[in-house]
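>>> Sequence first, then the predicted structure, then my questions.
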Amino acid sequence: MKCVSRIPYACARVNPSTGCWRSYETMNLVILYEDEWLLAVDKPAGLLTIPAPLKKARTLTGILNDDASQRGVSWRLHPCHRLDRETSGVMLYAKGKSVQQKMMRLFKERRVKKTYYAFVHGRPSRPQGDIKFPVEGKPALTHYRVLEYRKDFSIVEAMPVTGRKNQIRLHFKALGFPVVGETRFCFRRDFALKARRLCLHARSLEFNHPVSSRHLCLQSQVPQDMRRFLESHP
């Protein structure tokens, strides 16, 4: 298996040949992987992937396509999956609709392994297991394992098999261990532990390339704000 590591450059564009993407609104968007057909970026928390109804906020897709237009490229980027606004981590785009359709088929056929890191309130009694609660009336399955128990929360690795909207957040809430920083599906005031953001990070995507068939493992490191939270809550 070949893993593609994080590319360690800041994205203030100086030379188009470097492959860096220009910084918008002080954001440094880091490319995790790029080839002729695909682009993976490290999405920061707090940024929409695509426009929300009745909202005009900047989106990751818009930022990247604006930059691509200024670089004079002929293709447009199309998201292959979704990440919540509050979630950080690996976000995959296709350079063109035909590649997007192929990649989305891989997701639909469950041939993409998705791994997330989450900090959840409390201490799940089972160190690993499956969560099978339906989401919006549809079957949903998430594998999980506890990586570490802390005093007030647990660090878990979550691997959603199905791709329901907000699946990981709803599944851990259903277990009684909502994600730290959750404000949408539970009340933050109900928990002593506070966080400035939802502590959910899309750690990796693993799949066979839809065009070249090469095996890829695209990875994102845990972001600085989540690391700081760990340091302040031993």
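That came through fine.
>>> Please count neighbours and contacts with C-alpha atoms only from this point.
Noted.
>>> need the contact list for the most centrally placed residue in the chain.
Nearest residue to the geometric centre of the chain (CA atoms, centre = their mean): residue 202, 3.3 Å. Residue 202 is in contact with 87-90, 114-117, 220, counting by CA atoms under 8 Å, 6 or more residues apart in numbering.
>>> Residue 193 too?
Contacts of residue 193 by CA under 8 Å, 6+ apart are 121, 152, 180.
>>> And for residue 61?
49-50, 77-79.
>>> from those residues, which single one is nearest residue 207?
residue 79 (15.9 Å; CA to CA).
>>> okay but the closest one is in contact with residue 94, surely?
Yes. Using CA atoms under 8 Å, residue 79 is in contact with residue 94, at 6.4 Å.
>>> any shared contact partners between those two?
By CA under 8 Å, 6+ apart, the residues touching both residue 79 and residue 94 are residue 100.
>>> all helices of the protein, in order?
Listed in chain order, the helices of the chain (DSSP state H) span residues 60-71, 97-108, 167-175, 224-232.
>>> Quick check: which of those has the most neighbours on average?
helix 167-175 (a mean of 19; mean count of other CA atoms under 10 Å).
>>> Measure how far that helix is from the centre of its chain, please.
16 Å (CA atoms, centre = their mean, to the nearest Å).
>>> Identify the residue nearest residue 145 in space, chain neighbours excluded?
Distance criterion CA to CA, 6 or more residues apart in numbering; nearest residue to residue 145, sequence neighbours excluded, is residue 128 at 3.9 Å.
>>> which ones are touching that neighbour?
Per CA under 8 Å, 6+ apart, neighbours of residue 128: 143-146.
>>> Narrow those to those in strands?
143-146 (DSSP state E).
>>> Format the residues you listed as a markdown table; extra columns: pLDDT and neighbour count.
Output for the ones in strands among the contacts of residue 128, formatted as a markdown table (pLDDT from 0 to 100; neighbours: other CA atoms under 10 Å):
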| residue | pLDDT | neighbour count |
| --- | --- | --- |
| 143 | 98 | 16 |
| 144 | 99 | 22 |
| 145 | 98 | 16 |
| 146 | 98 | 21 |
